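Enquirer: just need the structure, nothing else, for what follows:
(2 chains)
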Amino acid sequence: MSSAIRTENLSKSFLSVRAVRQVNLEIPHGAIYALVGPNGAGKTTMIKVLMNILHPTRGTAEVLGIDSSKLRGDWFAQIGYVSENQQQPEWMRVDQFFDYLRPFYPNWDRQLESSMIRQMQLPLDRKLRHLSRGMKMKAALASSLAYRPKLIVLDEPFSGLDPLVRDELVESLLERASEATILISSHDLAEIESFSSHVGYMEEGQLKLSEEMSSLTNRFRDAQVTLNAPAVALPNLPASWLQPAASGTTFQFIDSQFDQERTRTAIDSAFGNVRDVTFTPMTLRAIFLAMAKIGRRTD
Amino acid sequence: MSQTIHIFKKDVRRFSWEIVLSLLLLALYGWCQPASWESPEVFLMKHGQSGNFRYMGSMLLGPLLVLWWMVMLVRIVQEEAPAGDRQFWVTRPYRWPNLLAAKALLFMLMVNLPLLLIQLCLLAAAGFSPLHSLGRLLMLHLTLATWLLPVGALAVIAGGRTQLSRAAIVVLVFLIIWVFAGSTGFDVVIFQAGSKPTAWDWAGRLLLISIPLVVILRQYALRKTAQARWILLGGALVITAVSFAQPRSTLNEAEYPPLAPGSGHDFQVKMQKPSESSHNDFIPGTSRAVRVSLPLFSEGVASGDVVQVVAFKVTLEAPDGTRWSSDWQSEYSVVQAEPAQAQNSSAKTDHKIRTTLAVDKSFFDRNRNSAVNIHLVTAAVLFRDHESPVIVQANGEFAIQGIGKCVLTQESFFRIWCRSALAPLPMLGITSRSFKKCPPEKDELAGPPILNTGWVVYGYWGSDFGLSSVRTFTPIMERDKPQQASAVCKESAITLHRPEALRQFRVESDFKDVKLSDLAGQR
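Expert: Sure, this is the predicted structure:
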């Protein structure tokens, strides 16, 4: 099965600033892919290249099977794109906005439009410029979902929204998840952890990792080893043990290649007299914090 | 097509106020424009208070409309700007040809079409057939496009107001360069009006239209803003280079063969001694040139002949053999035999011609007090006024075939106000019988007529960026003998001359031992 999005050595530079560096990304059809990373990591630039808003400096990108640089016109009838900083025709009322967009999309579903307007409590008689930030995002999202796109691309959609609005947006999004591939970028890890199927982590323009969410959370564990005698720093710890720290008889690290049996065996062979070992599952936030720290240290 | 109409309808709603304002201004323009067809005094007398407003409007509304259309164009383009990375339309199923077509349709239906209708109405109101001028009206709209397309090109490469402001600054810099170039003696002739366009003029116009068009089409199709900006900048440089590179000598000498002896014409150009001429006007020079005025006069124009001087070329030779030569420079002087004398004798009369030229400052400074030799080549057209002149009475409006309609006015001074459709205008002379006062004394009426003749200089009256479909002009009446009589009364017969062009020719003249300082501008 082909991928919904695929990039090969994709790079984008602005004069001397390399915003995206040789990114190889593959998002399977049907995935809810969370592209995460700190501010300035290159997520928005990457998405803009995928949407043919910006042109890549090097490399290629395919979106729904076509070269992203050829993405225009009718192709966007299959793609729903919502961005926090996108300019909307703010002079239009909400009902005019939907009336205007409808003829562009052969698959526009009026029933779905009505149900989303109801569900999101969008005021049809208000101009977009008079809506709150949350309401604007809801209108943008509803207008990008009503034609049942095959690919939904959301760039920081929840940024600055209150939790209630955020939950409503996520709810609307998940209702469409079964029929579309979703790419969502965010720097708030907690909000996307609950519903993403895949995750990619970007930092300084590079894609540091990209994999299924379950695989990622399964392979990261916070390991705490209690020794019978005070721990001695060992020169040859496995490379997958991140942030090792010793304190008295306690040795702590994050295992990035966790496997219950293999990790236990490795601990035994490294320390010898182990009194107790506990493995704690990590949140996405904790995993990326650890990775970010390593990234900064290697810089 | 349906997408084009859909976007068009949205834009009509979006820009309804701008469109209404444009239509109002246009209607106002149409109402005011007839004020420029006759003298302000007469118009104000006929129309009272509103006449004043209409007269002002006829002068101001043209530029105001063009300025407003520029603003409108920018706003229409920026509604779905091709430049930038935050636009809403880029990730919606817009087809660029439809988007561009919608914008063009909006502009054509809301600007060009109403303007065309107003122009047709003005033609009808001025007494001309609107349909006969359709082709030329379309050319006017093409001229309007040369003003608006560069603005459109700037709008498609600017991502917002800040970038538009920067673009405007770049444009301003170019304009300053052009103005500077003009002041240093270069002729930026792309925008030169009035004269017959040369191949260089056409090249300039073609570039002015095609470069913005390429930028606009490319930008809508590809949205590669950086490239589009370079193309536009490069295009502006090319246009500037063409302006600078085109030869200032635009006269085709082969079309003006020397006047052979025995041809039956002995037209000559001579120079008065500077001390004899009324040479006291100050003509400012520049840091690189000194303006020199040649007090020329002609001889040998036969009765019934009219000679139009079209260009001069001057070579100055210093005593040490060094030379300075001007290029061909255009001139407009009409020379004819004095009608009164021509009627009574076959004598050939003289006529003053004054031309100024910018002499290289270093040559001038080296030779200002030396006796230089001047070699002058004059290119001219010979006309024969063999048709029976048309005589009209000096009251009310009268038609001149092939030109249009004219009104003779006699307020503080005598003047003829003519209006024409957009047709090219032929050579026209107007002779009026003048009297010492109005009404004339009986003995003056019975005596030999004193005639004053003027030749139409087709410099158009008014400045409205070429929007008007009715051109207006006032023939300049030259009076060599103003002390004799200047009043044109109701009893004055106006004689119109429509001479036929016979031949183009050039004559050469040499003037020895002329002191340059005597010819230079002085206070």
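
Enquirer: ok, residue B:358 touching residue B:290?
Expert: Yes: between residue B:358 and residue B:290 there is a contact at 7.2 Å, judged by Cβ atoms under 8 Å. Yep, even glycine has a C-beta here, placed from its N, CA and C like the rest.

Enquirer: these two: which is more packed in?
Expert: Just comparing residue B:358 and residue B:290: by other Cβ atoms under 10 Å in any protein chain shown the higher neighbour count belongs to residue B:290, 23 against 18.

Enquirer: for the more buried one, list each beta-bridge partner.
Expert: When bridges are called by DSSP bridges, residue B:290 pairs up with residue B:359.

Enquirer: the strands in the stretch 1-150 of chain A, which residues?
Expert: A:3-14, A:17-28, A:32-36, A:58-63, A:66-67, A:79-83 (DSSP state E, counting those that start in this stretch).

Enquirer: as a markdown table, these with mean neighbour count would be great.
Expert: Below are the strands of the stretch 1-150 of chain A laid out as a markdown table (neighbours: other Cβ atoms under 10 Å in any protein chain shown):
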| stretch | mean neighbour count |
| --- | --- |
| strand A:3-14 | 18 |
| strand A:17-28 | 19 |
| strand A:32-36 | 25 |
| strand A:58-63 | 19 |
| strand A:66-67 | 12 |
| strand A:79-83 | 25 |
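
Enquirer: wait, which of the ones you listed is closest to chain B?
Expert: In terms of Cβ to the nearest Cβ, the element of these nearest to chain B is strand A:79-83, at 4.0 Å.

Enquirer: wait, what's in contact with the residue in the stretch 201-350 of chain B positioned nearest to chain A?
Expert: Using Cβ to the nearest Cβ, residue B:224 is the residue of the stretch 201-350 of chain B that sits closest to chain A, at 6.7 Å. By Cβ atoms under 8 Å, 6 or more residues apart in numbering or on different chains, the contact list for residue B:224 reads A:55, B:218.

Enquirer: dihedrals phi and psi, it?
Expert: The phi and psi values for residue B:224, taken as degrees, to the nearest 10, are phi -100, psi 90.

Enquirer: what's the pLDDT at it?
Expert: Here the pLDDT value assigned to residue B:224 is 91.

Enquirer: returning to what we had before: possible to save the strands of the stretch 1-150 of chain A as TSV with mean pLDDT and distance to residue B:317?
Expert: Converted to TSV, the strands of the stretch 1-150 of chain A look like this (pLDDT from 0 to 100; distance: least, Cβ to Cβ, whole Å):
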stretch	mean pLDDT	distance to residue B:317
strand A:3-14	95	63
strand A:17-28	94	65
strand A:32-36	93	81
strand A:58-63	95	67
strand A:66-67	94	71
strand A:79-83	94	75
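
Enquirer: residue boundaries of the helices in the chain?
Expert: Went with chain A since none was named. Counting by DSSP state H, one finds helices in chain A at the ranges A:43-50, A:94-101, A:110-120, A:133-145, A:163-176, A:189-193, A:213-219, A:260-271, A:284-298.

Enquirer: look at chain B instead
Expert: Shown for chain B, the helices assigned by DSSP H span residues B:2-14, B:16-32, B:40-79, B:96-107, B:113-125, B:134-157, B:161-183, B:199-222, B:225-245, B:339-344, B:361-367, B:442-446, B:516-519.

Enquirer: among these, which gets the worst mean confidence?
Expert: helix B:339-344 (a mean of 44).

Enquirer: kindly reformat the strands of the stretch 1-150 of chain A as CSV containing distance to residue B:298.
Expert: CSV is the format used below for the strands of the stretch 1-150 of chain A (distance: least, Cβ to Cβ, whole Å):
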stretch, distance to residue B:298
strand A:3-14, 69
strand A:17-28, 72
strand A:32-36, 85
strand A:58-63, 74
strand A:66-67, 74
strand A:79-83, 76
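
Enquirer: distance to chain B added to those strands, as CSV?
Expert: As requested, the strands of the stretch 1-150 of chain A are arranged in CSV below (distance: least, Cβ to the nearest Cβ, whole Å):
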stretch, distance to chain B
strand A:3-14, 10
strand A:17-28, 12
strand A:32-36, 17
strand A:58-63, 11
strand A:66-67, 14
strand A:79-83, 4
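
Enquirer: out of the ones you listed, which comes closest to residue B:493?
Expert: strand A:3-14 (78.3 Å; Cβ to Cβ).

Enquirer: give me the distance from the closest one to the chain's centre.
Expert: A distance of 15 Å separates the C-alpha centroid of strand A:3-14 from that of its chain, computed with Cα atoms, centre = their mean, to the nearest Å.

Enquirer: cool, and stretch A:58-72?
Expert: For stretch A:58-72, the distance to the chain centre is 20 Å (Cα atoms, centre = their mean).

Enquirer: pretty sure residue A:260 contacts residue A:277?
Expert: No: using Cβ under 8 Å, residue A:260 makes no contact with residue A:277, being 10.1 Å away.

Enquirer: of these two, which one has the most company?
Expert: Using other Cβ under 10 Å as the criterion, residue A:260 and residue A:277 rank with residue A:277 on top: 16 against 9.

Enquirer: that one reaches residue A:270, doesn't it?
Expert: No: counting by Cβ under 8 Å, residue A:277 does not reach residue A:270; the two are 11.3 Å apart.

Enquirer: gap between residue B:237 and residue B:225?
Expert: Here residue B:237 is placed at a distance of 19 Å from residue B:225 (Cβ to Cβ, to the nearest Å).

Enquirer: again but with residue B:265, I slipped
Expert: For residue B:265, the distance to residue B:225 - Cβ to Cβ - is 63 Å.

Enquirer: likewise for residue B:243?
Expert: 27 Å.

Enquirer: say whether chain B is contacted by stretch A:111-119.
Expert: No: if you take Cβ under 8 Å from any Cβ of the partner chain as the test, stretch A:111-119 misses chain B, and the best it gets is 15.3 Å.

Enquirer: pull the distance from that stretch to the chain's centre.
Expert: 26 Å.

Enquirer: for that stretch, which positions count as buried?
Expert: A:112, A:113, A:116, A:117 (16 or more other Cβ atoms under 10 Å in any protein chain shown).

Enquirer: pull out the buried positions in stretch B:365-374.
Expert: Buried residues in stretch B:365-374 (16+ other Cβ under 10 Å): B:367, B:368, B:372, B:374.

Enquirer: excluding its backbone neighbours, what's nearest the last one?
Expert: The shortest distance from residue B:374 to any residue other than its chain neighbours is 4.3 Å, reached at residue B:511 (Cβ to Cβ, 6 or more residues apart in numbering or on different chains).

Enquirer: what sits against the one you found?
Expert: So residue B:511 contacts B:271, B:373, B:374, B:376 (Cβ under 8 Å, 6+ apart).

Enquirer: same check on residue A:171?
Expert: residue A:119.

Enquirer: check what pLDDT the residue in the stretch 151-299 of chain A that chain B sits nearest to gets.
Expert: The nearest approach of the stretch 151-299 of chain A to chain B comes at residue A:153, 8.2 Å away (Cβ to the nearest Cβ). For residue A:153, the model assigns a pLDDT of 96.
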